[in-house]
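S.K.: Sharing a model prediction with you, sequence too.
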Amino acid sequence: MNESNKAVAKHKEYPHIEWVDLNNDGTAFEIVVVKRDKNNNDLYFIKTEDLDDIDKRRLISVLRKRDAAKYELWDLLDNVTLANGENALNFFHQLVRVRTDSGKILIPGSGRAGIALRPEPDAIPVQQEAKRGPGRPPKG
């Protein structure tokens, strides 16, 4: 995983709230981690500065659930109906952004996605062909 997708600090009281250097410029933002994609290291998040007081209270009520730390937030939100009758995941989806492993910030579902960065060449296991005797032509 890219170093900038790692949390600088995690909130002590609430799971899923972290401080992350989103722009890779040494400035950490407080975010709510909705999901971490293990396939390509994308980070789905909501900046807490984008939330008004009502939305913050709505999210905190979800984060206070006793099993909140066991599940990704997108799963928790999908199982919550807000007081306005709307599904919490559908409601908060408009605020979700994606930070790719390379550092690009995207809107989810925009037809673009991050790709996992290649590991270092020495980290790729090299399969060696079975050795054949000298001068023996390959089968085939």
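M.R.: It's in. What you see is a predicted model; the values in this text were computed from it and never measured.
S.K.: most residues in a single strand of the chain, which one?
M.R.: Secondary structure of the chain read by DSSP state E shows that its longest strand is strand 29-36.
S.K.: Does anything pack onto that strand? Which helices or strands?
M.R.: Contacts defined by 3 or more Cβ pairs under 8 Å, 6 or more residues apart in numbering; DSSP states H and E place strand 29-36 against strand 17-20, strand 43-47, helix 73-78. (Each C-beta comes from the backbone N, C-alpha and C, glycine too.)
S.K.: and of the ones you listed, who's closest to Ile105?
M.R.: strand 43-47 (9.2 Å; Cβ to Cβ).
S.K.: what are the C-alpha coordinates of the longest helix along the chain, in PDB please?
M.R.: Longest helix in the chain by number of residues, with DSSP state H as the criterion: helix 53-63. Listed next in PDB are the C-alpha coordinates belonging to helix 53-63 (Å, rounded to 0.1, in the frame of the first residue of the first chain):
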ATOM      1  CA  ASP A  53     -23.600  19.200  12.300                       C
ATOM      2  CA  ILE A  54     -26.600  17.000  11.500                       C
ATOM      3  CA  ASP A  55     -24.600  14.700   9.200                       C
ATOM      4  CA  LYS A  56     -21.900  14.400  11.900                       C
ATOM      5  CA  ARG A  57     -24.500  13.300  14.500                       C
ATOM      6  CA  ARG A  58     -25.900  10.800  12.000                       C
ATOM      7  CA  LEU A  59     -22.500   9.300  11.400                       C
ATOM      8  CA  ILE A  60     -21.500   9.300  15.100                       C
ATOM      9  CA  SER A  61     -24.700   7.300  15.900                       C
ATOM     10  CA  VAL A  62     -23.600   4.600  13.500                       C
ATOM     11  CA  LEU A  63     -20.000   4.700  14.800                       C
END
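S.K.: Span of stretch 93-100 from start to end?
M.R.: 17 Å (Cα to Cα, to the nearest Å).
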